[in-house]
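**Student:** Structure for this input, please:
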Amino acid sequence: MVQPAVTIVILNWNGPEETLQCLESVRGLDYPRYEVIVVDNGSQDDSRNRIRQWALEHGDEFSFREILQGITPADPPAPSGRIPLELICTGKNLGFCGGNNLAILHRFSRGDPPQYFLFLNNDARVHPHCLKVLVEVAEGSRAGIVGALVLGSGSRPQASPSPCRYRERLWVNGAAMLIRRDVLERIHTHTRRYFDEGLFLYGEEIDLCLWARRLGFKVVQAKGALVFHKRAQSSGGRFSPVSYYYSTRNRIVVFDRFLSQPLKAFFHFCNLFLCLAQILRNLVALRPRAARAILCGIRDAYRGTLGKWKDHDREVFRLRPPPSEPPVSPGHLPEPRG
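**Tutor:** Below you'll find the model as predicted:
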């Protein structure tokens with residue numbers, strides 16, 4: 001029996017160490033039919049060189065291709081018995097949603113698209129059986145989206161859960177999320193996009209899962225698909241202003257989009273107290289920038305100001321100063337459809 005094809009999408013932004021560790025874990029997967037697309041989201045460090053070097057060092061396992069300015073890859077990598085690995089350099093930070101959309105568009109432009117996409121955070125580490133279990137659950141449950149069981153990076157499961165066990169959810173953790181191709185196509189038909197680039201970062205998995213459910217697909221979590229994840233590394237950690245801004249703004253935007261009118265009123269009322277509690281907690285903890293970010297998120301949500309936060313770069317680089325190496329020039333990338 002031929003296993004369904006899977007395209008694994010990993011985004012990198014100034015995080016080569018995390019991305020290479022993620023690729024090492026992907027390299028250990030026991031699933032027989034997958035390919036990898038790494039999107040470098042305008043990194044200003046040596047990410048591109050290090051990812052390329054890693055791929056070439058593992059050339060006996062991976063068939064590597066890099067998409068840069070002036071190169072027009074019309075055809076997919078030639079079959080070689082190796083795992084296809086592509087590095088797409090955007091030249092600028094498209095956000096988590098924009099980077100994933102670019103990978104989807106690029107893969108569709110090659111023809112013969114896979115049956116599944118696995119969207120994987122670069123600070124996640126997959127168990128060797130993870131992809132196999134995700135696909136088995138997707139095929140067995142006929143779910144449109146299957147999430148992994150995401151554990152902390154230092155966690156170790158006490159016992160191996162049954163690989164075929166799953167539980168239906170409203171949404172799943174976006175750190176490792178398997179999505180059927182036809183779910184993405186149906187969402188695109190209704191919204192003219194895949195991931196909502198207006199969200200930029202955070203909340204995109206909730207939006208996709210709620211869309212999938214609205215369109216009649218099940219959303220489940222596979223108990224035996226283990227992933228170990230470091231939370232909010234690219235945005236400076238869970239208490240960073242960037243994390244608070246996007247989680248606050250996008251929570252309001254997404255739930256306002258899907259809730260019925262009576263539930264909307266209840267949500268906004270409860271959310272107000274949640275935000276006030278978070279603001280007070282951050283002020284007490286001497287994190288005034290985080291408190292300000294929450295206020296900015298509330299303001300922009302109700303104003304309809306979406307996309308990248310105007311203070312995003314300032315806040316990120318305050319915690320992680322930008323490296324001196326200039327960003328990579330954008331490569332030959334497919335134009336968005338619709």
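**Student:** From here on, just use CA atoms for contacts and neighbour counts.
**Tutor:** Noted.
**Student:** Report how many residues lie close to Asn100.
**Tutor:** Counted with other Cα atoms under 10 Å, the neighbours of Asn100 add up to 24.
**Student:** Other residues contacting the helix or strand harbouring it?
**Tutor:** Under the criterion of DSSP states H and E, Asn100 resides in helix 95-109. Residues from elsewhere that reach helix 95-109, judged by Cα atoms under 8 Å, 6 or more residues apart in numbering: 9, 11, 37, 39, 41, 88, 93, 113, 119, 193-197, 199-202, 204, 308, 333-337.
**Student:** Quick one, which of the residues you listed are buried?
**Tutor:** Listed as buried from those are 9, 11, 37, 39, 41, 88, 93, 113, 119, 193-197, 199-202, 204, 308, 333; burial here means 16 or more other Cα atoms under 10 Å.
**Student:** What about these, which are in strands?
**Tutor:** Using DSSP state E, 9, 11, 37, 39, 88, 119 are the members of the buried ones among the contacts of helix 95-109 that sit in strands.
**Student:** For the first one, which residues are in contact?
**Tutor:** Shown in contact with Val9 (Cα under 8 Å, 6+ apart): 36-39, 100, 103, 117-120.
**Student:** what secondary structure does the closest residue to Val172 other than its chain neighbours sit in?
**Tutor:** In space, and not counting its chain neighbours, Val172 is closest to Gly147: 5.2 Å by Cα to Cα, 6 or more residues apart in numbering. Classification of Gly147 by DSSP: H, G, I helix; E, B strand; the rest coil places it in strand.
**Student:** hey, C-alpha coordinates of the longest helix along the chain in CSV?
**Tutor:** Counting residues, the longest helix found in the chain (DSSP state H) is helix 261-284. What follows is helix 261-284, C-alpha atoms only, in CSV (Å, rounded to 0.1, in the frame of the first residue of the first chain):
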residue,chain,number,x,y,z
GLN,A,261,-23.8,37.3,18.1
PRO,A,262,-24.8,36.3,21.7
LEU,A,263,-21.5,34.6,22.3
LYS,A,264,-19.6,37.5,20.8
ALA,A,265,-21.0,39.8,23.5
PHE,A,266,-20.1,37.3,26.2
PHE,A,267,-16.6,36.8,24.8
HIS,A,268,-15.8,40.5,24.6
PHE,A,269,-17.0,41.0,28.2
CYS,A,270,-14.8,38.1,29.5
ASN,A,271,-11.9,39.0,27.3
LEU,A,272,-11.8,42.5,28.8
PHE,A,273,-11.3,41.2,32.3
LEU,A,274,-8.6,38.7,31.0
CYS,A,275,-6.7,41.6,29.4
LEU,A,276,-7.0,43.8,32.5
ALA,A,277,-5.7,40.9,34.6
GLN,A,278,-2.7,40.4,32.2
ILE,A,279,-1.9,44.1,32.2
LEU,A,280,-2.0,44.3,36.1
ARG,A,281,0.1,41.1,36.3
ASN,A,282,2.8,42.5,34.0
LEU,A,283,2.9,45.9,35.8
VAL,A,284,3.3,44.1,39.1
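**Student:** Quick one: neighbours of Ser141, just the number.
**Tutor:** Residues near Ser141, counting by other Cα under 10 Å: 18.
**Student:** what's the nearest residue to Gly307 once chain neighbours are set aside in contact with, if anything?
**Tutor:** In space, and not counting its chain neighbours, Gly307 is closest to Gly198: 4.3 Å by Cα to Cα, 6+ apart. The neighbours of Gly198, taking Cα under 8 Å, 6+ apart as the test, are 306-308.
**Student:** got JSON lines for the residues you listed, with pLDDT and distance to Leu151 too?
**Tutor:** Converted to JSON lines, the contacts of Gly198 look like this (pLDDT from 0 to 100; distance: Cα to Cα, whole Å):
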{"residue": "Leu306", "pLDDT": "98", "distance to Leu151": "30"}
{"residue": "Gly307", "pLDDT": "98", "distance to Leu151": "29"}
{"residue": "Lys308", "pLDDT": "97", "distance to Leu151": "28"}
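**Student:** just to revisit the earlier point, out of the contacts of Val9, who's nearest Phe317?
**Tutor:** Closest to Phe317 out of the contacts of Val9 is Val39 (20.5 Å), distances taken as Cα to Cα.
**Student:** hang on, isn't the closest one packed against Gly15?
**Tutor:** No: judged on Cα atoms under 8 Å, Val39 makes no contact with Gly15 at a distance of 11.7 Å.
**Student:** Give me the phi and psi for Leu20.
**Tutor:** phi -70, psi -40 (degrees, to the nearest 10).
**Student:** before we move on, back to that, and the residue nearest to Gly307, how far from Asp300?
**Tutor:** From Gly198 over to Asp300 the distance is 12 Å, taken as Cα to Cα, to the nearest Å.
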